[in-house]
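> Okay, sequence plus prediction incoming.
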Amino acid sequence: YRVIGQKGFLDAAPVREVLPFLRCVLRPEDDYRLLCALRLPAFDTGTGALKALEAHRAEAGGSLYDAVRSASRTPGGEKVRAFLEALERYGALARAGRAEEVVGAWCEASGVSDDPDVGRLLGACGRHETLEEVMGEVLLGREADCERRGMAASRGEAITLMTLHASKGLEFPVVFIAGA
C-alpha cells in the first residue's frame, strides 16, 4: 500500500528550491517566475541586485528578463550573469532533452540529488517526455496522480490510502471511507 495525503514530496524544502528555477526555465519572460528563481539560495543575488534589476526595468521600460540580460553584462553583475548562464544552459537542455535529464542535471548541480523527496520528483519526471509535461502535472497539485501512476508502473497493483482532502478532484473507480 501507499499512503498519500500526508506531507508530500512537493512540500519538501529541496523540492521547493528546485521547482521555481524549472518554472523559470520554461518561461523566462514571466517576471514573477524570474523573480522567484532569482531569490533562490543557489544564486544568492541578494535584495540589492533585485532592486537594481527592478529599477533598470522601470527605467528601460522592458521586461525583467531584458534587465537581467543587460545587468549580466555590467561590472558587478557576476551573480546575475551566473543566473542567466544557468537559465540558458538548462533552457537549451529542456528543449533538447527529456525532463528527467534536465531535472537530474539541475539537482546534481544544486547538490540536492541525494534527497529522497527529490528522488520522488525525478521519478515523476521519468514518466514524462518534456519538462513542460512534468510542470503541468506536478504544479497543478496532482501529486497523488503522480504517485499513483508511478506506483502502478513500477510496483504493480497496490491499495492507495489517502486523506479525504488529498483525494479532492481525483477520480477512482472504487472508494472506501473508514468509519468514525
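Ah, there it is. Treat the numbers as computed from the prediction; the structure is a model and nothing was measured. Residues are numbered from 1 along each chain as shown.

> Need the three-state assignment for the residue nearest to the spatial centre of the chain.
Nearest to the mean C-alpha position of the chain, by Cα atoms, centre = their mean, lies residue 19 at 1.7 Å. What DSSP: H, G, I helix; E, B strand; the rest coil gives for residue 19 is helix.

> if I look at it, how far off is residue 163?
Counting by Cβ to Cβ, to the nearest Å, the gap from residue 19 to residue 163 is 23 Å. C-beta: built from backbone N, CA, C; applies to glycine.

> Next: residue 126.
For residue 126, the distance to residue 163 equals 26 Å [Cβ to Cβ].

> show me what contacts the nearest residue to residue 44 once chain neighbours are set aside?
Nearest residue to residue 44 in three dimensions, chain neighbours excluded: residue 79, at 6.4 Å (Cβ to Cβ, 6 or more residues apart in numbering). Shown in contact with residue 79 (Cβ atoms under 8 Å, 6 or more residues apart in numbering): 43, 44, 45, 46, 49.

> ok, now with 10 Å
38, 43, 44, 45, 46, 49, 71, 72 (Cβ atoms under 10 Å, 6 or more residues apart in numbering).

> Go ahead and confirm the residue nearest to the centre of the chain touches residue 125.
No. Between residue 19 and residue 125 there is no contact, the gap being 11.5 Å when judged by Cβ atoms under 10 Å.

> Show me whatever sits in contact with both of the two.
Residues touching both residue 19 and residue 125 (Cβ under 10 Å, 6+ apart): 103, 134, 135, 138.

> Could you tell me which of the residues you listed are located in strands?
In strands, defined here by DSSP state E, there are no members of the shared contacts of residue 19 and residue 125.

> and of the contacts of residue 79, the nearest to residue 83?
Residue 83 has its nearest neighbour among these in residue 43, at 4.7 Å by Cβ to Cβ.

> Next step: the contacts of residue 79 restricted to helices.
In this view, the contacts of residue 79 that belong to helices under DSSP state H are 38, 46, 49, 71.
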